[in-house]
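Novice: model this:
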Amino acid sequence: MKVILLADVYKHGVAGEVIEVADGFARNWLLPKQLAKKATSHALKEAAQLREQAEARRAQLDQRLNELARMIDGVELVFGRRASPTGKLFGSVTTSEVAEALHEKTGIDINRRRISQSLPREIGTHDVPVRLGSETAPVLKITIVREEEYASFIAAQKAAAEAAAAAPEAAPVEATEGEPAEQAAE
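Specialist: Take a look at the predicted model:
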């Protein structure tokens, strides 16, 4: 008997697939549990429409995931932690803390399970991948500094960002044929 699977059935197929099974298996198991329905001409047309709709939804989801990946790729997060003189942390930065800091900085809420489990356990700047299941794999830049240096590090970052935003783009000075570039800049 030909049936259209309505759900994934172990060792037989996935939802939406048309398969040939024994009559008894279909009558006694698949149909009563609503795991499948008979493959009539009307049901086959419905299944084709459902597959098209599912494909459109899947494409839309992939597009949103790729857009999200572009938004969070390269985001820099800073954490202050207690550390030994050699730079090893007493504890670690958890995936929940990374997800929360990302949400505060960008407004994007990511499930903590999508952030790599191998988080750094020492002071420095580290790249941490995020698994979104899209074609691009975004990477977060995580900087870990000592607790006592955290406030000064953040202040220095803000000052550098303000200076970069306030400084107008310097127009390149071109030297004329007769004078060197250093004199032209004066």
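Novice: give me the contact list for the longest strand seen in the chain.
Specialist: Across the chain, the longest stretch assigned as strand under DSSP state E is strand 139-146. Residues outside strand 139-146 that contact it (Cβ atoms under 8 Å, 6 or more residues apart in numbering): 72-83, 89, 93, 98, 102, 115, 119-120, 122-130, 153. (C-beta placed from N, C-alpha, C; glycine too.)
Novice: partners of it, with directions?
Specialist: strand 76-81 (parallel), strand 124-129 (antiparallel) (DSSP bridges).
Novice: deepest-packed of those, please.
Specialist: Comparing those by mean neighbour count (mean count of other Cβ atoms under 10 Å), strand 76-81 comes out on top with a mean of 17.
Novice: picking that back up, I'd like the strands paired with strand 139-146 as CSV, with mean pLDDT appended.
Specialist: Shown next, in CSV, are those (pLDDT from 0 to 100):
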stretch, mean pLDDT
strand 76-81, 90
strand 124-129, 91
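Novice: please parse the protein into its domains.
Specialist: 2-68, 71-165 (automatic domain parsing).
Novice: ok, now which ones touch the residue positioned nearest the centre of the chain?
Specialist: Closest to where the C-alpha atoms of the chain average out (Cα atoms, centre = their mean) is residue 132, at 3.9 Å. The contact partners of residue 132, by Cβ under 8 Å, 6+ apart, come to 65, 68-69, 114, 138.
Novice: which ones among these are found in helices?
Specialist: Those of the contacts of residue 132 mapping onto helices are 65, 68-69, per DSSP state H.
Novice: buried subset of those residues?
Specialist: 65, 68-69 (16 or more other Cβ atoms under 10 Å).
Novice: and those, which is closest to residue 29?
Specialist: residue 65 (36.2 Å; Cβ to Cβ).
Novice: surely that closest one meets residue 131?
Specialist: No: between residue 65 and residue 131 there is no contact under Cβ atoms under 8 Å: 10.5 Å.
Novice: kindly export stretch 57-71 (C-alpha atoms) in CSV.
Specialist: Extracted in CSV, the C-alpha atoms of stretch 57-71 (Å, rounded to 0.1, in the frame of the first residue of the first chain):
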residue,chain,number,x,y,z
ARG,A,57,9.2,28.6,5.3
ARG,A,58,12.7,26.9,5.4
ALA,A,59,14.1,29.4,2.9
GLN,A,60,12.7,32.3,5.0
LEU,A,61,14.1,30.9,8.2
ASP,A,62,17.5,30.5,6.5
GLN,A,63,17.4,34.1,5.3
ARG,A,64,16.6,35.3,8.9
LEU,A,65,19.4,33.1,10.3
ASN,A,66,21.9,34.5,7.8
GLU,A,67,20.8,38.1,8.6
LEU,A,68,21.2,37.4,12.3
ALA,A,69,24.6,35.9,11.8
ARG,A,70,25.8,39.0,9.9
MET,A,71,24.5,41.2,12.8
